[in-house]
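Asker: Here is a sequence with its predicted model. Questions after.
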Amino acid sequence: MSKFSLSRIILTFFLLFLVLNFSPFNFSKTNDEFFNNKTICKALVESVINSDSDQNSRVKVLVSEGKYKNKEFTLDNSLVVNDRELILRPNDYVQISISDDINGELNVKMYNYIRTKHIFFLVSFFILLVIVIAGIKGLYAVLSIAFNISVIYMILLPGLLSGYSPIALTIICCLIISFSSLIIQNGLNKKTISCLIGTLGGVIIAGLVTYVMSNSLQVSIKNEDVIGTMTNTLILAYVGSSMVTLMIFLGYNINFSYLINLQDISVEILRSLAGSIGIILSVPITIFARACMD
């Protein structure tokens, strides 16, 4: 059983601090064109007026942030899930878009459903489950995942948007992630060093094969092809499959609260965490089933 190591915890937070505050890449960001001069803000659902016809229900909302805070609007519920109107209830939170028309009047529309609270509960349950099932090893695993995501968001994505080679940058990030994750989870010992050597060789060979074969096959390797494959293997399927989407939002400097509440992003988070929770629980279930057979 692994012993608690304060030095590994301190090392992890130090690495997180470095990655989050000293990213080597800078690129111009803009969000003016993405929202087309709209203001996206959070609003509380005060009441819902259900429709007896095929028309959408009407929703009375109270803006809870920004320059329109405490203003009330009554809107059509245009949110859809599974080709049906999303059912809203009082005390739900939504995102609405507010813009001025040519006459200076406010044009207000329902924009998105706020999923932050539910995602927070799911992530918290996942972290708690990992720590309960795996103990201190689980804690190290959670810290390692946090560091890996930080490397992708603060180094890999900005580097790609800055025009650096996707193959070279992905190899470098994979090595940083592998090196840090192994030390965080196992400490610095012979086992870790041998794993690092194996990982270093495997990643470099994969990069060389990709580079050589892309030239000989006369194909163009896009950023998402290389990154999706390598980060899928090393970190999360979610990050790999959503890489291009994340690059777009990062390039436009999209607010995190908007990004996390998107249905497609929420679905990928759900799939990743649900699959991980299933894998984690399969261990004690297997042990329990085997014990019952004796």
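Answerer: Yep, it's here.
Asker: Can you tell me the element Asn70 falls in?
Answerer: Assigned by DSSP states H and E, Asn70 belongs to neither a helix nor a strand.
Asker: again, but for the one 5 residues further on
Answerer: In the assignment (DSSP H and E), Leu75 maps to strand 72-76.
Asker: who does that strand pair up with?
Answerer: strand 58-63 (antiparallel) (DSSP bridges).
Asker: Pull out the buried positions in the strand holding Leu75.
Answerer: Of the residues in strand 72-76, Phe73, Leu75 count as buried by neighbour count, 16 or more other Cβ atoms under 10 Å. (C-beta placed from N, C-alpha, C; glycine too.)
Asker: same check, this time on stretch 15-24
Answerer: Leu15, Leu16, Val19, Ser23.
Asker: Keeping just the C-alphas, turn that stretch into PDB.
Answerer: Output in PDB follows, covering the C-alpha atoms of stretch 15-24 (Å, rounded to 0.1, in the frame of the first residue of the first chain):
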ATOM      1  CA  LEU A  15       4.000  22.100 -11.200                       C
ATOM      2  CA  LEU A  16       0.300  23.300 -11.500                       C
ATOM      3  CA  PHE A  17       1.400  26.800 -10.400                       C
ATOM      4  CA  LEU A  18       4.100  26.900 -13.100                       C
ATOM      5  CA  VAL A  19       1.900  25.600 -15.900                       C
ATOM      6  CA  LEU A  20      -1.000  27.900 -15.000                       C
ATOM      7  CA  ASN A  21       1.000  31.100 -14.600                       C
ATOM      8  CA  PHE A  22       4.000  30.700 -17.000                       C
ATOM      9  CA  SER A  23       2.700  29.300 -20.300                       C
ATOM     10  CA  PRO A  24       5.300  30.000 -22.900                       C
END
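Asker: contacting residues around it?
Answerer: Ala146, Phe147, Ser150, Val151, Met154, Ile155, Pro158, Gly159, Ser180 (Cβ atoms under 8 Å, 6 or more residues apart in numbering).
Asker: can you do 10 Å?
Answerer: By Cβ atoms under 10 Å, 6 or more residues apart in numbering, the residues outside stretch 15-24 that reach it are 143, 146-155, 157-159, 162, 164, 176, 180, 183-184.
Asker: Strands along the chain, start to end?
Answerer: Ranges of strands in the chain, per DSSP state E, are 39-49, 58-63, 72-76, 80-81, 84-85, 93-100, 106-113.
Asker: Just put those strands in CSV and tack on distance to Leu128 and mean pLDDT.
Answerer: Listed next are those as CSV, based on distance: least, Cβ to Cβ, whole Å; pLDDT from 0 to 100:
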stretch, distance to Leu128, mean pLDDT
strand 39-49, 27, 86
strand 58-63, 33, 88
strand 72-76, 37, 87
strand 80-81, 28, 78
strand 84-85, 33, 79
strand 93-100, 24, 85
strand 106-113, 25, 85
